[in-house]
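> predicted model follows, preceded by the sequence.
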Amino acid sequence: MTHPLRLRAFRLLFLGRTVSAVGDAVVPAALALAVLRATGSTSALALVLAAAMLPRLLLLPVGGVAADRFDARRVAVLADLTRCATQLVVGVELLGGDPSLTHLAVASAVGGTAAAFALPTASPLVAGVVDAAHRQRANALLGASANASRLAGPALAGVLIWAAGPGWAFVLDAASFAVSATLLAVIAVRHVPPPQRRSLTADLLHGWREVRARTWFWSSLLGHGTWNGAAAVLITLGPAVAVDRLGGEGVWLLMLQAGAVGMLAGALIAGRFRPRRPVLTANLALASYAAPLILLAVAAPAATVVVAYGIALAALGFLNPVWETVVQSQFPPHVLARVTSYDWLVSLGATPLGYALAPLAARHWGEPLPLAVAGVLVLVACAGTALVPDVRRLNWPAPTPPEPAPAAAPAR
């Protein structure tokens, strides 16, 4: 079996995504410090983060329509170039020494809009350069690369901020998007005939009908959305429990590192292990996130919580490549971006809900209750998908002959 990295198109895609992931991993710490240094206000930081999140959520389905209509590669290139420009603007603003909150918020909004168009292109690009037989390993490689970048990103950000200031972190991210766009521009992607031209509303509804037609998909999405909402609860309340009841800040940092290592390990396992019932296996593994939530709620020994969190994040690292591979095999190529956009919308949409509700619930009832409730919800929503017949029955499709090689990218 040919390794995906032996395929030139995937090798270029992998390199571009890896470089971009390293740049993205540096930005969160740099952004937080830059805004706090400039304004001294956590409200200002929340404004900048919201400016990026809102357009990314609201425009995801539109990004899916664009990627299906106009070629995912071209949309991805334009999105990367746009994010390159916005990060460069922020970097120059910070290096100038007098950043404007308005400028930072506008740049974040433009970058969030570009992300809404970029995210739905990820799955069609993999499907367009790698044959079905190799896609799980290809998705696992991309997942391992992204998770390794998250693991190294904070350390790299710390070095950059300490040595040169947060502005250079944004310049690095801008450069990473420029590299990614350049590599995407020369990749040969298998041609997918565009869908019949209809109105935007008709295309959105068509994509939604494809989602609703597959019980295994939308029932799993409910579980995945619940997982993301519960993860926001843990991220919001977990630090306080770790500091006050488990031994201090070091416990929280150990949890984060264990989670990052777990996600990397899970992605590597996904490259080797192909379960017979992929969605059922992945969803049941995802239910393990209930363990760290409930252990935090009862203030279990720190070592137990750290290990449980690492295992739960390993399940997430395993789920992502397996899920992406299943989706790529079960949906027609001409609707894949729209389906992916709804997938992202449900997953990301639950996160701000968790951020908003967690502190309110903790203020009224203390941290243990919302953590325990989130744990029960994750267990019921993810393990409960086993009750859906289509989830239990879904298997890998029968092997098919290799697909035609993708055509070379047109000259520009």
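In hand now; what should we look at?
> care to break this protein down by domain?
The domain map for the chain lists 4-194, 208-393, with the assignment taken from automatic domain parsing.
> buried sites along the lengthiest helix in the chain?
Among all segments of the chain classified by DSSP state H, the helix with the greatest residue count is helix 8-39. Within helix 8-39, the residues that qualify as buried are 9-10, 12-14, 16-27, 29-35, 38-39, counting by 16 or more other C-beta atoms under 10 Å. Heads up, the C-betas are built off the backbone N, CA and C, glycines and all.
> over to stretch 116-134?
By neighbour count, and taking 16+ other C-beta under 10 Å as the criterion, the buried residues in stretch 116-134 are 116-132, 134.
> can you check stretch 98-111 too?
Of the residues in stretch 98-111, Pro99, Leu104, Ala105, Val106, Ala107, Ser108, Ala109, Val110, Gly111 count as buried by neighbour count, 16+ other C-beta under 10 Å.
> could you dump these to a markdown table with distance to Pro239 and secondary structure?
Conversion of these to a markdown table gives the following (distance: C-beta to C-beta, whole Å; DSSP: H, G, I helix; E, B strand; the rest coil):
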| residue | distance to Pro239 | secondary structure |
| --- | --- | --- |
| Pro99 | 27 | coil |
| Leu104 | 25 | helix |
| Ala105 | 26 | helix |
| Val106 | 31 | helix |
| Ala107 | 28 | helix |
| Ser108 | 24 | helix |
| Ala109 | 28 | helix |
| Val110 | 31 | helix |
| Gly111 | 27 | helix |
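> and the helices in the stretch 51-200 of the chain, which stretches?
Taking DSSP state H, counting those that start in this stretch as the test, the helices found in the stretch 51-200 of the chain are 60-70, 72-95, 101-118, 122-129, 135-164, 167-186, 200-212.
> select, out of those, the one closest to Leu254.
Across these, Leu254 has its closest neighbour in helix 135-164 (13.6 Å, C-beta to C-beta).
> now do that closest one and helix 72-95, the angle between them.
In terms of direction (axes from the mean of the first three to the mean of the last three C-alpha atoms, to 10 degrees), helix 135-164 departs from helix 72-95 by 10 degrees.
> point out where the protein drops to low pLDDT.
Scanning the chain for pLDDT under 70 picks out 1, 42, 398-412.
> please identify the most buried of the helices of the stretch 51-200 of the chain.
When neighbours are counted by mean count of other C-beta atoms under 10 Å, the highest per-stretch mean among these falls to helix 122-129, a mean of 26.
> any idea how far that helix is from the chain center?
Centroid separation between helix 122-129 and its chain, computed with C-alpha atoms, centre = their mean, to the nearest Å, is 16 Å.
> contacts for that helix?
Counting by C-beta atoms under 8 Å, 6 or more residues apart in numbering, the neighbours of helix 122-129 from elsewhere in the structure are 7, 9-10, 13, 67-68, 72-73, 76, 135, 138-139, 142, 184, 187-190, 192, 324, 327-328, 333, 336-337, 340, 406.
> hmm, 7 Å instead?
The contact list for helix 122-129 (C-beta atoms under 7 Å, 6 or more residues apart in numbering) reads 7, 9-10, 13, 67, 72-73, 76, 135, 138-139, 187, 189-190, 192, 324, 327-328, 333, 336-337, 340, 406.
> go on, stretch 382-390?
Contact with stretch 382-390 is made by 215-216, 219-220, 223, 227, 280, 283-284, 286-287, 391-392, as judged by C-beta under 7 Å, 6+ apart.
> now with 10 Å?
The contact list for stretch 382-390 (C-beta atoms under 10 Å, 6 or more residues apart in numbering) reads 214-224, 226-227, 230, 277, 279-280, 282-290, 315, 319, 391-392, 394.
> over to stretch 274-282?
Residues external to stretch 274-282 that are found in contact with it (C-beta under 10 Å, 6+ apart): 136-137, 216-217, 219-220, 223-224, 266, 270, 273, 283-285, 315-316, 318-323, 325-327, 329-330, 382, 385-386, 388, 390-396.
> return the residues in contact with Leu20.
I think there's a mix-up here, since residue 20 is Ser and not Leu. Shown here is Ser20, whose contacts under the criterion C-beta under 10 Å, 6+ apart are 80, 83-84, 118, 145-146, 149, 173, 175-181, 183-184.
> same check, this time on Leu33
Each residue near Leu33 by C-beta under 10 Å, 6+ apart is listed here: Leu45, Leu94, Ala157, Gly158, Ile161, Gly165, Pro166, Ala169.
> just put these in CSV and tack on distance to Arg197.
Formatted as CSV, the contacts of Leu33 follow (distance: C-beta to C-beta, whole Å):
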residue, distance to Arg197
Leu45, 42
Leu94, 43
Ala157, 44
Gly158, 49
Ile161, 48
Gly165, 48
Pro166, 45
Ala169, 42
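> wait, which of the residues you listed is closest to Gly262?
Sorting these by distance to Gly262 puts Ala157 at the head of the list, at 20.9 Å, by C-beta to C-beta.
> right, and that closest one touches Pro28 too?
Yes - look at Ala157 against Pro28 with C-beta atoms under 10 Å: they come within range, at 7.7 Å.
> which neighbours do those two have in common?
Once C-beta under 10 Å, 6+ apart is applied, the residues that Ala157 and Pro28 both contact turn out to be Ala169.
> CA atoms only: put the helix or strand encompassing Val391 into CSV for me.
When secondary structure is defined using DSSP states H and E, the element that contains Val391 is helix 389-393. Provided in CSV are the C-alpha atoms of helix 389-393 (Å, rounded to 0.1, in the frame of the first residue of the first chain):
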residue,chain,number,x,y,z
PRO,A,389,-29.0,1.3,14.3
ASP,A,390,-27.2,3.2,11.5
VAL,A,391,-24.3,4.0,13.9
ARG,A,392,-24.0,0.3,14.9
ARG,A,393,-24.2,-0.9,11.3
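> ok, and for it, which residues are buried?
Of the residues in helix 389-393, those with enough neighbours to count as buried (16+ other C-beta under 10 Å) are Asp390, Val391.
> do the same with stretch 38-52
Along stretch 38-52, these residues count as buried under the neighbour rule (16+ other C-beta under 10 Å): Ala38, Thr39, Ala44, Leu45, Leu47, Val48, Leu49, Ala51, Ala52.
> now swap in stretch 371-383 and tell me
Within stretch 371-383, the residues that qualify as buried by neighbour count (16+ other C-beta under 10 Å) are Leu371, Ala372, Val373, Ala374, Gly375, Leu377, Val378, Leu379, Ala381, Cys382, Ala383.
> what's the farthest-apart pair in the residues you listed?
Pairwise distances across the buried residues of stretch 371-383 peak at 18.2 Å for Leu371 and Ala383 (criterion: C-beta to C-beta).
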